[in-house]
Structure formats: C-alpha cells, structure tokens
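Q: Show me how the following folds:
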Amino acid sequence: MSDDVIALTKQLIEQKSISPDDKACQNIIIERLKSLGFIIETLNINQTKNLWAYHGEGETIMFAGHTDVVPAGDESKWRFPPFKPTIDQQGNLYGRGAADMKSGVAAMICAVEEYIKQYPHHQGRIAFLLTSDEEAEATDGTIKVVETLIKRQEQVHYCIVGEPSSEKIVGDQIKNGRRGSLTANLTIHGIQGHVAYPQLAENPIHRFAPALNQLVNTIWDNGNIYFPPTSMQIANINGGTGAENVIPGDLKVQFNFRFSSELTDEKIKHQVETILNQHQLNYTLNWRLSGHPFLTPQGKLTEIACQAIKKVMHIDSQLSTTGGTSDGRFIAKMGCQIIELGVTNATIHKVNEHVSCDDIVNLKNIYHEILIQLLGH
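A: Here you go, the predicted structure:
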C-alpha cells in the first residue's frame, strides 16, 4: 500500500488543477471512495468543485483538504516539469502540489482505504470535505460547504486538515489553531499641489507619518499560551504622481493584522480608527476579514495525533498556531476539534516544490493509526 499512496499523489499532481479548476482530481477520488461504499455528494458552486462524502454512522472524524494548486510560474526554472511528477535519486517527489497538498489528500484516501478494508464494520463515521477553491478566493469552497452542513445540522466531532504543517520531518509539528487575519486598505486624502508652494497644498504623506509611527509602535496585545502577540505589518504604501515637483493628493496604505484570540477584529478596527482620528486625518478606510482566530486546546484529538506520530515516527510532536490562514477557519464554525497535520512546508508555493516520498508514506501511516485509536479496531 506504500506504493499506492505515491502513485495516487503522482496521479493528482498530473492534473493541472490551478485554482479553482479541479481538472479530474475529485473524479479520481470519487471513484476510489465509491468502491469503499462511501455516500458521495458533489456541492459544486460556479467554477469550484466541492466534495462531501461519508462512510458509517455516529461520531464523525472528517478529513479536509483541497485539490487546487497555485500557478507554477516560470516552468523553465523548474528542475522537472511541474505537472509531470518526478522522483529524484534522493527519493523526493517533485511537482506543483506535491506538498500543498496533493500528498496530504492521497495520504488521507489511502489511509481510509486501508482502515475500511481492515474494519469494514467500523464504529463511527469517516467523512471527507474537499474543495478546489482554497488557494485563490476561497469564497465558493469550504466556507459554502460548511454553511450547508450547519444548516443540515450535520455533526462533525473531529477534523484533520491535511495542510503541510510539519517543518523538518512529518509530524514534528501540529497546527491546533491559527491566528485571525484582517487587512486594512487606507487612503489618506490631501490636496495636490506644487512642491514649491506647499502652503497651497496638503501633503498626505507628511500628515500620515505621525499616525504611521504610532500604528507600528502600538502593542496590540501580549498573546497567550497558545498564540504569539498580534502582529501588524505594512504591506504596501503608494503615493505620488511620478513627478518630482508634485505634492500628491492621496496616499494609499495597506496593512495586515495577524491577531490572537486576545483580540477581535472589531477591537482592532476601533483602535486603528481612534488613532487616525486623533491625528485629525481625512481618510477612507476599507477592511477585509480573512478569518477569525480559532483554537483546539489540548484534548482527545491532539493527544491521539501525538500518540500516533510517536508510534510511527518515534518523535514528540509540538503544537503550534503560527503561519497563515487555512480552511480550518471555516470548519471551526462547526464546533469540532480540529488540527492541521501534513507533510513539510519548506517548498510550498515555490519553484521546485517537492516532498519526501518517505514522508508521504509516513503521513498515511499516521492517519491510519489515528483512525484506529479514534474509532477502534
């Protein structure tokens, strides 16, 4: 079965499934799940393909992930063609999506296949939620499926998201939560004019500078045992007409907050707007909330996952909430225990994305062991 998980990973990589185009990825998966007796439901929205499938009844463990990938970029810079999966002499599998996250999807499928063939009358329910809209807008994928499942009063008790969570070796790190993400698009309005006549203009860059200094030096919170302190980072600043003798009329600033569970997006918005108003700025401000912070404290799922990693990898795993957002932020609304557990993330979204074949096999074995410990023999 070890060769099978590598073969499935390669088969998925061959599909040029640039978000939200799934190509044939979910069709490949559906055929395998049908042969196991899964109930299959497709919940496609616009260009996004979504899959909800389940087997058995009762307490539910759900595997979640995505079949879409980011573009490969300049393919001439790749060591091997990005959509022609290739294993090098060191046993690394190259291809777009090798790490993020077609190996994770393949490991889920193969682990469940092994488990159901061993225990066809298993306790509980095994479910899958897959989307082709995670890497781009994420508006028609997991978020919409979760809304549908909540309306139906579907119960999910445990969820494993197969995102590449590990750092150096599979299982060395488990994500048991993620910070929230809030982006501000701010325009400071001034009065355009000639640099030789500043008294006839109002420079928005000069006006904003003291407020910018206060924003970047504000301590938003001190974090907590699970989350680091909230981080505010300037992403873009754009002002000026390109001419050296013109005071610009507007200054555009974009900044992002990665915030802990100590804060809410509303508190951040209020504090930012208070600072801007204190400096008597004329501004327009638009906010975009990508996700709230979520957390699964140490409990049954984290303990079982750590035990499974210890048995397969002989290492102690660490819990972490660092990194970007994931679809876990939508699934958290279902009130289930949720972790992210996948292969290493060192090459995700990069040229020459790759993952160790041994890591893929080990991830499949970890998932299999979690199923045994969670649902029984």
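
Q: Specify the local secondary structure of residue 359.
A: Secondary structure, DSSP: H, G, I helix; E, B strand; the rest coil: residue 359 is helix.

Q: Excluding covalently adjacent residues, which one is nearest to it?
A: Leaving out its chain neighbours, the residue that sits closest to residue 359 by C-beta to C-beta, 6 or more residues apart in numbering is residue 170, at 4.2 Å. From N, CA and C alone the C-beta is placed, and that goes for glycine too.

Q: Can you give me the distance of that neighbour to residue 277?
A: Applying C-beta to C-beta, to the nearest Å, the value for residue 170 to residue 277 is 49 Å.

Q: who has more neighbours, the two?
A: Between residue 170 and residue 277, counted using other C-beta atoms under 10 Å, the more crowded position is residue 170 (31 against 11).

Q: quick one: residue 269 and residue 107, what's the gap?
A: Taking C-beta to C-beta, one finds residue 269 at 40 Å from residue 107.

Q: between these two, which one's more packed in?
A: residue 107 (31 against 16).

Q: check contacts around that one.
A: Residues counted as contacts of residue 107 (C-beta atoms under 8 Å, 6 or more residues apart in numbering) are 5, 9, 162, 342, 360, 363, 364, 367.

Q: Check which residues of the helix or strand it falls within are buried.
A: If you go by DSSP states H and E, residue 107 is part of helix 103-118. For helix 103-118, burial by neighbour count (16 or more other C-beta atoms under 10 Å) applies to 103-116.

Q: Show me where this structure has its helices.
A: According to DSSP state H, the chain carries its helices in the segments 2-13, 25-35, 103-118, 142-151, 204-217, 265-278, 300-313, 328-331, 357-375.

Q: Which strands and helices lie in contact with the fourth one?
A: Pointing back at helix 142-151 there. Counting contacts by 3 or more C-beta pairs under 8 Å, 6 or more residues apart in numbering; DSSP states H and E, helix 142-151 packs against strand 50-56, strand 125-131, helix 328-331.

Q: can you list contacts of that helix?
A: For helix 142-151, the surrounding residues in contact (C-beta under 8 Å, 6+ apart) are 43, 45, 48, 50, 52, 64, 66, 129, 131, 133-134, 156, 327, 330-331, 333-334.

Q: Now the buried members of those residues.
A: 43, 45, 48, 50, 52, 64, 66, 129, 131, 133-134, 156, 327, 330-331, 334.

Q: So, low pLDDT: which residues of the stretch 101-250 of the chain?
A: Filtered on pLDDT under 70, the stretch 101-250 of the chain yields no residues whatsoever.

Q: let's see it at 90
A: Applying pLDDT under 90 to the stretch 101-250 of the chain picks out residues 136-137, 225-226.

Q: Put together TSV for the contacts of residue 107, with distance to residue 31 and neighbour count on each row.
A: TSV is the format used below for those (distance: C-beta to C-beta, whole Å; neighbours: other C-beta atoms under 10 Å):
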residue	distance to residue 31	neighbour count
5	16	25
9	16	28
162	19	25
342	23	33
360	20	27
363	22	31
364	19	30
367	20	29
